[in-house]
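Asks: Coordinates only, no sequence provided:
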DNA sequence: CAGTGGTCTAGACCACTTC
DNA sequence: AAGTGGTCTAGACCACTGA
């Protein structure tokens, strides 16, 4: 029974000592100015990296807790804490008796996480989308700023009309940096669920998004596509979607009819 | 070293055996139809009950994990899991080295949890409210339904105008069941933060809320109080606020100017 | 039946705050 | 120095799934 190594002390000196099984002990010197980072957070970062790198792809089953623990040289409880955190972020799905799986952007409510328009009677329909225009251009200053692009960077834009039932309810423009989606221009059709596209074709998983909502009056363009009158009240939703590493990926400006639908938010 | 008692088996038969230190063992019979409820969830429910009952009031320091564990006859780790869950719900605040405290509805971002109107430049101002009318009446069908009241129940209503900076931005009606707020009519003034009022005077803590957003055109009433024109686009926010035990407490219908502000949502 | 995640415990030690 | 929460480990057992 060898003495336990000190887990906390050696960490500031080496963030990468997970799994080396034998940390250095030269840490008695003062000036520990570094921020403390718990082991489970390091484990989580490592596992997230495997999602980003594509080593683990959506739907895939992860190794068991004990296997991961053994591989990284930590205890099973520590791995569990990292997995639980990732599950809370909807990156993973755990099923008792079956295993731990990489979350698929499609799954049921995961989808509704990013689609918050609900019928007033509470029924949740799934939108069908029709592309009404696509192209490539320079980014305007506003979008450039949000996507953190330089003035010479190009973007793809996709204009869509989305229907709930038969009625057109949303008209929107999705804007993507060409740099991250090089081959998008050659794609014949744009699928209904673009987040699944980002994931499957470009290895980019949208982790979270921030939305800004305003009330506006329907413009000519909006009224034409939604079949409402010029000047009708519409809900404008501006979204910035971020990847797992918190880099901005997509800008989206949606305009919604809220006569029979509403935007639902939980606080 | 006596044998460990079986923690899982005895639970379906007795949900209240926390702390008796000696559960019955007559559980071999079949037909375990009951839903399984983990120990930490039972602990959590007990602790939440102390918040609801007012035994623990906002700002108060809780006993240490070990004390609670000893009192309830469970391990410290189980208590921690319950406390962590409650912290995630913003019911408690934990400070390393100091202790665990009942969350105060005021605190910084806790407040902004329920106030999502932000200036377009990103600055978050705190709203000042002016009451423009109060009264008591029967509840209309829509509100009665949401607050789960019977046709003969009365409600209080409070109309307010809220300013961000100098500009009036929100006009709203807050509706409360008289049954839960008996003495509200005798109150001379309504404070700016009504959720602190619910907590301090009525022992009701708002745990979460659901909001429904729509775009509308400014009515006469709205235009008058917000100083905009009739027919300007406005954001209508309908909120149902729930207590810790998930019973509906407050209905609120707010109408907001979103010319220089937006409603921020994180997905 | 084996393998997985889920729960619970006991004990050690670290980090922070206050006295 | 004492007391708190925070982290980590090791091991036991329960509950669920699927072959």
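Replies: Good, I have the coordinates. Keep in mind that this is a model prediction, so the values were computed, not measured. Numbers count the residues shown, from 1 in each chain, chains lettered A, B, ... in the order given.
Asks: so residue A:118 makes contact with residue A:258?
Replies: No: counting by CB atoms under 8 Å, residue A:118 stays clear of residue A:258, with 10.3 Å between them. (Glycine included, C-beta is placed from N, CA and C.)
Asks: quick one, which of these two is more surrounded?
Replies: Neighbours of residue A:118 and residue A:258, each counted by other CB atoms under 10 Å in any protein chain shown, are more numerous for residue A:258; the result is 22 against 17.
Asks: so what's the closest residue to that one other than its chain neighbours up against?
Replies: Spatially, and ignoring its direct neighbours in sequence, residue A:258 is nearest to residue B:214 (4.0 Å; CB to CB, 6 or more residues apart in numbering or on different chains). Neighbouring residues of residue B:214 by CB atoms under 8 Å, 6 or more residues apart in numbering or on different chains: A:235, A:258, A:262, A:263, B:235, B:236, B:238.
Asks: List the beta-bridge partners for the first one.
Replies: This means residue A:235. residue A:215, residue A:256 (DSSP bridges).
Asks: what helix or strand does the residue in the stretch 101-250 of chain A that DNA strand D sits nearest to sit in?
Replies: As assessed by CB to the nearest atom of the strand, DNA strand D sits closest to residue A:101 within the stretch 101-250 of chain A, at 11.6 Å. According to DSSP states H and E, residue A:101 maps onto strand A:99-102.
Asks: For that strand, which helices and strands make contact with it?
Replies: Applying 3 or more CB pairs under 8 Å, 6 or more residues apart in numbering or on different chains; DSSP states H and E, one finds that strand A:99-102 makes contact with strand A:92-95.
Asks: Averaged pLDDT, the strand it packs on. What do you get?
Replies: For strand A:92-95, mean pLDDT is 90.
Asks: Give me the sheet partners of it and which way each runs.
Replies: Assessed with DSSP bridges, strand A:92-95 is paired to strand A:99-102 (antiparallel).
Asks: Could I get the buried residue list for the partner strand?
Replies: Buried residues in strand A:99-102, defined by neighbour count with 16 or more other CB atoms under 10 Å in any protein chain shown: A:100, A:101, A:102.
Asks: And chain B, is stretch A:141-151 touching that?
Replies: No: against chain B, stretch A:141-151 shows no contacts by CB under 8 Å from any CB of the partner chain, the least distance being 11.2 Å.
Asks: who's in contact with that stretch?
Replies: Contacts of stretch A:141-151 (CB under 8 Å, 6+ apart): A:138, A:139, A:153, A:155, A:175, A:177, A:179, A:240, A:247, A:248, A:249, A:251.
Asks: Same check on stretch A:216-232?
Replies: A:132, A:161, A:167-171, A:233-236, A:255, A:257, B:215, B:231, B:233.
Asks: hmm, try it at 10 Å
Replies: With contacts defined as CB atoms under 10 Å, 6 or more residues apart in numbering or on different chains, stretch A:216-232 is touched by A:130, A:132, A:159-163, A:167-172, A:233-236, A:255-259, B:215, B:217, B:231-233, B:235, B:258-259.
Asks: could you flag which of those residues are buried?
Replies: With neighbours counted by 16+ other CB under 10 Å, the contacts of stretch A:216-232 contain buried members at A:159-162, A:168-172, A:233-236, A:255-259, B:215, B:217, B:232-233, B:235, B:258-259.
Asks: where do the strands sit along the stretch 1-150 of chain A?
Replies: A:92-95, A:99-102, A:117-119, A:128-138 (DSSP state E, counting those that start in this stretch).
Asks: And stretch A:234-246, what's buried?
Replies: Buried residues in stretch A:234-246 (16+ other CB under 10 Å): A:234, A:235, A:236, A:237, A:238, A:239, A:240, A:241, A:243, A:244.
Asks: hmm, which of the contacts of stretch A:141-151 are the buried ones?
Replies: When the contacts of stretch A:141-151 are checked for burial by 16+ other CB under 10 Å, the buried set is A:139, A:155, A:175, A:177, A:240, A:248, A:249, A:251.
Asks: Specify the beta-bridge partners of the fourth one.
Replies: For residue A:177, the residues forming beta bridges with it (DSSP bridges) are residue A:155.
Asks: ditto for the last one
Replies: In this structure, residue A:251 has beta-bridge partners residue A:175, residue A:240, where bridges are defined by DSSP bridges.
Asks: Tell me the pLDDT of residue A:248.
Replies: pLDDT, read off for residue A:248, is 95.
Asks: Nearest residue to it in space, please, no chain neighbours.
Replies: Residue A:248 sits nearest to residue A:147 (CB to CB, 6+ apart), 4.9 Å away.
Asks: Residue A:154 too?
Replies: Using CB to CB, 6+ apart, the closest residue to residue A:154 is residue A:178 (4.4 Å).
Asks: The one you found: what's it in contact with?
Replies: By CB under 10 Å, 6+ apart, the contact set of residue A:178 is A:136, A:137, A:139, A:149, A:153, A:154, A:155, A:156, A:184, A:185.
Asks: so how far is residue B:143 from it?
Replies: Separation of residue A:178 from residue B:143 (CB to CB, to the nearest Å): 51 Å.
Asks: first to last residue in stretch A:68-87, what's the distance?
Replies: Its first and final residues considered, stretch A:68-87 spans 16 Å by CA to CA, to the nearest Å.
Asks: same question but for stretch A:189-200, I mixed them up
Replies: Across stretch A:189-200, the terminal residues are separated by 15 Å (CA to CA).
Asks: ok, and what's touching it?
Replies: Counting by CB under 10 Å, 6+ apart, A:54, A:57-58, A:102-106, A:110-111, A:113-115, A:126-131, A:134, A:156, A:158, A:160, A:162, A:174, A:176, A:180-181, A:184, A:187, A:201, A:204-206, A:209, A:241, A:243, A:249-250, A:252 sit against stretch A:189-200.
Asks: among the residues you listed, which ones are buried?
Replies: Counted by 16+ other CB under 10 Å, the contacts of stretch A:189-200 give A:58, A:102-105, A:111, A:113-115, A:127, A:129, A:156, A:158, A:160, A:162, A:174, A:176, A:180-181, A:184, A:204-206, A:209, A:241, A:243, A:249-250, A:252 as buried.
Asks: what is the mean pLDDT for stretch A:155-172?
Replies: For stretch A:155-172, mean pLDDT rounds to 94.
Asks: so how far is it from its chain's centroid?
Replies: Remark: stretch A:155-172 is offset 21 Å from the chain centroid, using CA atoms, centre = their mean, to the nearest Å.
Asks: ok, residue A:255 - contacts?
Replies: A:169-173, A:216, A:218-219, A:221-222, A:225-226, A:234-237, B:215.
Asks: ok, now residue A:205?
Replies: Residue A:205 neighbours (CB under 10 Å, 6+ apart): A:48, A:51-52, A:54, A:57-58, A:91, A:102-103, A:105, A:195, A:198-199, A:243-245, A:249.
Asks: again, only using 7 Å
Replies: Residue A:205 makes contact with A:51, A:105, A:199, A:243, A:244, according to CB atoms under 7 Å, 6 or more residues apart in numbering or on different chains.
Asks: Name the weakest-confidence residue in those residues, if you would.
Replies: residue A:105 (73).
Asks: so where's the stretch 101-250 of chain A uncertain?
Replies: Within the stretch 101-250 of chain A, the ranges that satisfy pLDDT under 70 run A:106-111.
Asks: quick one: the residue in the stretch 101-250 of chain A that DNA strand C sits nearest to from residue A:58, how far?
Replies: DNA strand C sits closest to residue A:101 of the stretch 101-250 of chain A, with a gap of 8.8 Å, by CB to the nearest atom of the strand. To residue A:58, residue A:101 is 8 Å away according to CB to CB.
Asks: Write out the residues of chain A neighbouring DNA strand D.
Replies: A:7, A:38-41, A:73-78, A:81, A:95-98 (CB under 7 Å from any atom of the strand).
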